[in-house]
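Student: After the sequence you'll find the predicted model.
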Amino acid sequence: MAGNATKAFQYLDRATVAGWENVAHVKQDTDLTALHTDKRWQPMLTKLEAAVAAMEARYNQPLKKQLDAIYASDQGSRQQIEGIQKQYGPESAQMRALWKEMAATDSINLGTITALLDSHGWPTKAEVGKMGTETVFLVVQHSNPPTLEKYFPMAQQAAERGDLSKPALALMQDRLLMWQGKPQRYGSQLTQDAKTHKMVFHPIEDEAHVDERRAAIGMEPLASYAKRFGLDYQLPAK
């Protein structure tokens, strides 16, 4: 997006070497669209797909394939939100149709994932890879308070054994606390102010030390996170 294709391919190569396995996201991510016509794009993609194929040879292939399809459907409509809002507006018929489509998809995915969790438990990285376990997280995260509350202990166990990232668990914990009307711990959840209609952080427990908690589990400073939502955030004085 900065116009530096060489550096972009260098980082994509480093991601491949480091074990990045989400081929579908690389292909769908509109941030990378400018690279598609570059002669280095296809060789990079071929190298990534070969690396992923080698990793996936050890996986539970039917389950991994099912989770890949769920990830694509979960993220497919969400990747359209920004573009449709800009083109038609947040209250447009097009946005309402997208929300309706997203809700229907989420409902189908949730039924599949809860059945998996109830019968199999949280899948491990050894079975489905990092993206497979993160897909389970995404579907539960996009569900509802009773579902999130039911499966949060299972997510905690998965994080403790290394089968779910700590930042993902933090997002889940923050959302559950917000739904319970309690302050969040990591500052991941935002809400719309009823008066200004602008995005604001849901109240944060011990906000002056939130960056220390975030750093401890590998999350970026809250000010950097806030910029993604167009917010100019400063930590309160300690």
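Tutor: Received the coordinates, thanks.
Student: ok, and the closest non-adjacent residue to L231?
Tutor: Once flanking residues are discounted, L231 sits nearest to M199: 6.7 Å by CB to CB, 6 or more residues apart in numbering. Any C-beta I mention is one placed from the backbone N, CA and C, and that applies to glycine too.
Student: Now do the same contact list for that neighbour.
Tutor: By CB atoms under 8 Å, 6 or more residues apart in numbering, M199 lies in contact with 190-193, 229-231.
Student: Would you enumerate the residues in contact with the spatially most central residue of the chain?
Tutor: In the chain, the residue lying closest to the centroid (CA atoms, centre = their mean) is L138, at 6.1 Å. L138 makes contacts with 71, 74-75, as judged by CB under 8 Å, 6+ apart.
Student: mind saving the C-alpha coords of the helix or strand where it lies as CSV?
Tutor: L138 belongs to helix 125-141 when assigned by DSSP states H and E. Below are the C-alpha coordinates for helix 125-141, written out as CSV (Å, rounded to 0.1, in the frame of the first residue of the first chain):
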residue,chain,number,x,y,z
LYS,A,125,-2.5,-27.0,15.8
ALA,A,126,-1.1,-30.5,15.2
GLU,A,127,-4.5,-31.4,13.7
VAL,A,128,-5.5,-28.3,11.7
GLY,A,129,-2.7,-25.7,12.0
LYS,A,130,-2.7,-22.2,13.4
MET,A,131,-5.4,-20.9,11.0
GLY,A,132,-7.6,-23.9,11.7
THR,A,133,-7.6,-23.1,15.5
GLU,A,134,-8.0,-19.4,14.8
THR,A,135,-11.1,-20.1,12.6
VAL,A,136,-12.8,-21.8,15.5
PHE,A,137,-12.0,-18.7,17.6
LEU,A,138,-13.4,-16.3,14.9
VAL,A,139,-16.7,-18.2,14.7
VAL,A,140,-17.2,-18.3,18.5
GLN,A,141,-16.1,-14.6,18.7
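Student: Please identify the buried residues of it?
Tutor: By 16 or more other CB atoms under 10 Å, the buried positions in helix 125-141 come out as 125, 127-141.
Student: which SS class is Y59?
Tutor: Three-state call for Y59 (DSSP: H, G, I helix; E, B strand; the rest coil): coil.
Student: wait, what's in contact with I84?
Tutor: 92, 94-95, 98.
Student: Just give the nearest non-adjacent residue to it, would you?
Tutor: Closest to I84 by CB to CB, 6+ apart is Q94, at 5.2 Å.
Student: tally of neighbours for the one you found?
Tutor: Residues within reach of Q94, counting by other CB atoms under 10 Å, total 13.
Student: That one should be in a helix, yeah?
Tutor: Yes. Under three-state DSSP, Q94 falls within a helix.
Student: Which pLDDT value belongs to it?
Tutor: pLDDT recorded at Q94 is 95.
Student: does it really touch Y88, like I thought?
Tutor: Yes. Applying CB atoms under 8 Å as the test, Q94 and Y88 come out as touching, 4.3 Å apart.
Student: Would you mark the buried spots in the helix or strand bottoming out on mean pLDDT in the chain?
Tutor: Between all helices and strands in the chain, the lowest mean by mean pLDDT, DSSP states H and E belongs to helix 23-28, at a mean of 86. Buried residues in helix 23-28, counted by 16+ other CB under 10 Å: 23, 26.
Student: Give the other helices and strands that it contacts.
Tutor: Applying 3 or more CB pairs under 8 Å, 6 or more residues apart in numbering; DSSP states H and E, one finds that helix 23-28 contacts helix 41-56, helix 61-78.
Student: before we move on, the earlier item: buried subset of the contacts of I84?
Tutor: 95, 98.
Student: so how far is stretch 155-173 off the chain centroid?
Tutor: A distance of 13 Å separates the centroid of the chain from that of stretch 155-173, by CA atoms, centre = their mean, to the nearest Å.
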